[in-house]
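**Student:** show me the folded form of this:
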Amino acid sequence: MIVHGALMIEPTESESLEELDLFIAAMRAIAREVEATPELVKTAPHSTRVSKLDEVQAARKPILRWRRTA
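**Tutor:** Reported below is the predicted structural model:
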């Protein structure tokens, strides 16, 4: 079965049980947010410096080196 837009998670043996539990808790919290306020999730992320990546600009003008800015 193919589900378009699905997310496949494949944890490795290097992930601890604690990390997996934290991931599951985060996914459940997101699921609750989707049920309560779907528009909030559709417009995410809200707390990052850059809201969405401009993929066209990133492809045409890639930044290959990191430089500290003021």
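
**Student:** helix or strand right after the lengthiest helix in the chain?
**Tutor:** The longest helix of the chain (DSSP state H) is helix 17-36. As assigned by DSSP states H and E, the chain's next helix or strand after helix 17-36 is helix 38-42.

**Student:** contacts for that next one?
**Tutor:** Ile30, Glu33, Val34, His46 (CB atoms under 8 Å, 6 or more residues apart in numbering). Backbone N, C-alpha and C define where each C-beta goes, glycine included.

**Student:** how about a cut-off of 10 Å?
**Tutor:** Outside helix 38-42, the residues within contact range by CB atoms under 10 Å, 6 or more residues apart in numbering are Ile30, Ala31, Glu33, Val34, Glu35, His46.

**Student:** could you flag which of those residues are buried?
**Tutor:** Buried members of the contacts of helix 38-42, counted by 16 or more other CB atoms under 10 Å: none.

**Student:** which of these lies closest to Pro11?
**Tutor:** Ranking the contacts of helix 38-42 by separation from Pro11, with CB to CB as the measure, puts Ile30 on top at 17.1 Å.

**Student:** just give the nearest non-adjacent residue to the closest one, would you?
**Tutor:** Leaving aside its chain neighbours, Ile30 sits nearest to Val41 (6.7 Å; criterion: CB to CB, 6 or more residues apart in numbering).
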